[in-house]
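K.L.:
Next comes the sequence, and after it the predicted model I'd like to discuss.
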There are 2 protein chains.
Amino acid sequence: MKENSGFSSCTLSYDMNTCFEKLSDEELMLFENNKLEVTYKKGEILCKQGAFASHITFICNGLVRLYLEDEVNTLTLQLIPSGGIIGLTSLTKNSNIFHYSAMAYQDTTAQHLDISMFHHLVQSNAAFATEITNVLCDSTLQTYGRFFSFMHKQSYGRMADTLMCLATRIFNSMEFDLPLSRKELADLTGLSQESVIRILKKFKDENLIEIEGKTYRINDGDKLNEISQHG
Amino acid sequence: MKENSGFSSCTLSYDMNTCFEKLSDEELMLFENNKLEVTYKKGEILCKQGAFASHITFICNGLVRLYLEDEVNTLTLQLIPSGGIIGLTSLTKNSNIFHYSAMAYQDTTAQHLDISMFHHLVQSNAAFATEITNVLCDSTLQTYGRFFSFMHKQSYGRMADTLMCLATRIFNSMEFDLPLSRKELADLTGLSQESVIRILKKFKDENLIEIEGKTYRINDGDKLNEISQHG
DNA sequence: AGAAAAAACTGATTCAGATCATGAATTTTA
DNA sequence: TAAAATTCATGATCTGAATCAGTTTTTTCT
């Protein structure tokens, strides 16, 4: 039997919101005075791959999809829940553009933090820089896991994976409202819409999950985890 | 016609070796006095995924493969040439283990830098921390590109991609000696050994490349780039 | 409420690439 | 240098999942 262990196509990094604790009151005031609070409706774009990156975005509330795109295809990199940060890769000195796009999956409130101020703080406050390093590391590791899963797991494993990730890491509950269409779930899992539908049906038939409208309920997380590991 | 642009399965990040310039003479001495120079033969393991990460590795010379593994599968994340750094993701406060394995593709000399010293320098020298942030960003972006390519390009595109990456970014020449077996090339491109053989044959038949033993020569880089983009 | 549009679903077909089986060529080693 | 082992190569087959085509259900709009 094929055995895949450890890696998950889960999209979420931990601990993304502790980095601001390393700032002095004075530095925090800098942020306070320069931040811009913005609200987005479901489907709206927070940042567009290739556009000039003028700010780092902190997600106060909501759920955001980070994704790569070209003329034809899309690849969801991460789901960012509240507390997450978008645009850190634009801190690299080699380019000041957004390297990915971000779209609100739910209504979302976010703060725009001026990128040059961010740069300044990273360059002057080593503790803060260390925290940013941590966030980058975590994000990288999460991407590695997702990459591995997408390359080596097949459809049922990826779907099981994704459902467990949503339940345990995004919504913290075995029952949750997922504001995604089948097409969007397909994007998230890297499968076709039809495959998503077929797999969900199979899971329902085997009583692993229940779906009513947008409400998902996981009945047998152990079994899903097993599918995620072995398939 | 399908069109994929921009993203490459290329494995190499730029500018990995400038970060030490930000250290004071005193700090550099710290490294000098604590570093351990080690040589590896082709095939030897520099670090093992899951093992305790006691050091960051700087590649002085040679070529190293970074990869994820589980009981069954393998995924090559990056090729690290001289000047590259291995193990930065182990700097995260959440875990001090190696998150990937590394193996020498050629005879390689490397320096082991104590990880707690590395931590100390990141936490005390913001300029250095900024440089590390840069390296992490670049590496993340490169992984994103590779992820996208692997998900959306098909075999010919990925092979063309990989050949061009080797020529332009690793060996800086349209003719190079590649110390890899077909099996290893398969790992690198994420294809099966047989597919690699078939595709290389096709490329040879169409006179895009020549192969003699381990010596590869690229005759038509433009065509390869086109294949990489469109297919 | 009724029409139009979008989303969900289902079955049939296709396809890219893996896997399998086998043989030739090269390298290793004894 | 002969035997063994590895790597390279090629054709046949298989398969997971995408694509295609069409229907039903749900949502949106007027």
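P.N.:
Done, it's in.
K.L.:
tell me which element the most centrally placed residue in chain A falls in.
P.N.:
For chain A, the residue nearest the mean C-alpha position is A:L79 (1.8 Å; CA atoms, centre = their mean). A:L79 is part of strand A:74-81, with elements assigned from DSSP states H and E.
K.L.:
Can you give the distance from that strand to the centre of its chain?
P.N.:
Here strand A:74-81 is found 4 Å from its chain centre; the criterion is CA atoms, centre = their mean, to the nearest Å.
K.L.:
The helix or strand just after that strand and chain B, are they touching?
P.N.:
Remark: after strand A:74-81, the chain's next helix or strand is strand A:85-86, criterion DSSP H and E. No - Strand A:85-86 is not in contact with chain B by CB under 8 Å from any CB of the partner chain; minimum separation 12.9 Å. Yep, even glycine has a C-beta here, placed from its N, CA and C like the rest.
K.L.:
Alpha carbons only: can I get the strand holding A:L79 in CSV?
P.N.:
What follows is strand A:74-81, C-alpha atoms only, in CSV (Å, rounded to 0.1, in the frame of the first residue of the first chain):
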residue,chain,number,x,y,z
THR,A,74,-4.4,29.4,-11.1
LEU,A,75,-2.7,27.8,-8.0
THR,A,76,-3.9,28.5,-4.5
LEU,A,77,-0.9,28.9,-2.3
GLN,A,78,-2.5,29.6,1.1
LEU,A,79,-5.7,30.5,2.9
ILE,A,80,-5.1,33.4,5.2
PRO,A,81,-7.4,33.8,8.1
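K.L.:
Now do the phi/psi pair for A:T143.
P.N.:
The phi and psi values for A:T143, taken as degrees, to the nearest 10, are phi -60, psi -40.
K.L.:
Next, A:L166: secondary structure please.
P.N.:
What DSSP: H, G, I helix; E, B strand; the rest coil gives for A:L166 is helix.
K.L.:
Give me the neighbour count for A:E210.
P.N.:
As a burial measure, A:E210 scores 13 neighbours (other CB atoms under 10 Å in any protein chain shown).
K.L.:
mean confidence for the helix or strand containing it?
P.N.:
For A:E210, the element it lies in under DSSP H and E is strand A:209-212. The average of the pLDDT scores along strand A:209-212 is 95.
K.L.:
now swap in stretch A:24-36 and tell me
P.N.:
So the average pLDDT for stretch A:24-36 ends up being 83.
K.L.:
Could you check how far it is from the centre of its chain?
P.N.:
26 Å.
K.L.:
Export it to PDB, keeping only CA atoms.
P.N.:
What follows is stretch A:24-36, C-alpha atoms only, in PDB (Å, rounded to 0.1, in the frame of the first residue of the first chain):
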ATOM      1  CA  SER A  24       8.200  49.500  20.900                       C
ATOM      2  CA  ASP A  25       5.300  51.800  21.700                       C
ATOM      3  CA  GLU A  26       6.900  54.300  19.600                       C
ATOM      4  CA  GLU A  27       7.200  52.000  16.600                       C
ATOM      5  CA  LEU A  28       3.600  50.800  17.100                       C
ATOM      6  CA  MET A  29       2.500  54.400  16.900                       C
ATOM      7  CA  LEU A  30       4.200  54.600  13.600                       C
ATOM      8  CA  PHE A  31       2.000  51.800  12.400                       C
ATOM      9  CA  GLU A  32      -1.100  53.200  14.000                       C
ATOM     10  CA  ASN A  33      -0.600  56.600  12.400                       C
ATOM     11  CA  ASN A  34       0.100  55.200   8.900                       C
ATOM     12  CA  LYS A  35      -2.200  52.300   8.600                       C
ATOM     13  CA  LEU A  36      -5.200  52.300   6.400                       C
END
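K.L.:
Touching that stretch from outside, list them.
P.N.:
Contact with stretch A:24-36 is made by A:20, A:23, A:55, A:111-114, A:117, A:121, A:125, A:128, as judged by CB atoms under 8 Å, 6 or more residues apart in numbering or on different chains.
K.L.:
How about that stretch, which residues are buried there?
P.N.:
A:27, A:30-31, A:35 (16 or more other CB atoms under 10 Å in any protein chain shown).
K.L.:
Tell me the strands beside the strand holding A:E210, with direction?
P.N.:
If you go by DSSP bridges, strand A:209-212 pairs up with strand A:215-218 (antiparallel).
K.L.:
May I see the buried residues of the helix or strand following the partner strand?
P.N.:
Using DSSP H and E, the next helix or strand after strand A:215-218 towards the C-terminus is helix A:221-230. Within helix A:221-230, the residues scored as buried using 16+ other CB under 10 Å are A:221, A:223-225, A:227-229.
K.L.:
A:S124: neighbouring residues, count only.
P.N.:
13.
K.L.:
Check what pLDDT it gets.
P.N.:
91.
K.L.:
What does the residue nearest to it when sequence neighbours are not counted show for phi and psi?
P.N.:
Among residues not flanking A:S124 along the chain, B:A126 sits closest, at 5.7 Å (CB to CB, 6 or more residues apart in numbering or on different chains). Dihedral angles of B:A126 (phi, psi; degrees, to the nearest 10) stand at phi -60, psi -30.
K.L.:
Make sure B:A126 is actually in contact with A:H119.
P.N.:
No - applying CB atoms under 8 Å, one finds B:A126 not in contact with A:H119, separated by 11.1 Å.
K.L.:
Mind checking which of these two has more residues around it?
P.N.:
B:A126 (21 against 17).
K.L.:
residue contacts, the more buried one?
P.N.:
Neighbouring residues of B:A126 by CB under 8 Å, 6+ apart: A:122-126, A:129.
K.L.:
quick one, helices of chain A?
P.N.:
A:25-34, A:115-124, A:126-152, A:155-165, A:182-189, A:193-205, A:221-230 (DSSP state H).
K.L.:
what's the most buried one of these?
P.N.:
Most buried of the helices of chain A, by mean neighbour count (mean count of other CB atoms under 10 Å in any protein chain shown): helix A:155-165, with a mean of 24.
K.L.:
elements contacting it?
P.N.:
Secondary-structure packing of helix A:155-165 (3 or more CB pairs under 8 Å, 6 or more residues apart in numbering or on different chains; DSSP states H and E): helix A:126-152, helix A:182-189, helix A:193-205, strand A:215-218, helix A:221-230.
K.L.:
between these, which one is nearest to DNA strand C?
P.N.:
Of all these, helix A:182-189 sits nearest to DNA strand C, with 3.4 Å by CB to the nearest atom of the strand.
K.L.:
Which elements pack onto the closest one?
P.N.:
In terms of contacts (3+ CB pairs under 8 Å, 6+ apart), helix A:182-189 is packed against strand A:63-69, strand A:74-81, helix A:155-165, helix A:193-205.
K.L.:
So which bits of chain A are right by DNA strand C?
P.N.:
By CB under 7 Å from any atom of the strand, the residues of chain A that approach DNA strand C are A:181-183, A:193-194, A:197-198, A:200-201.
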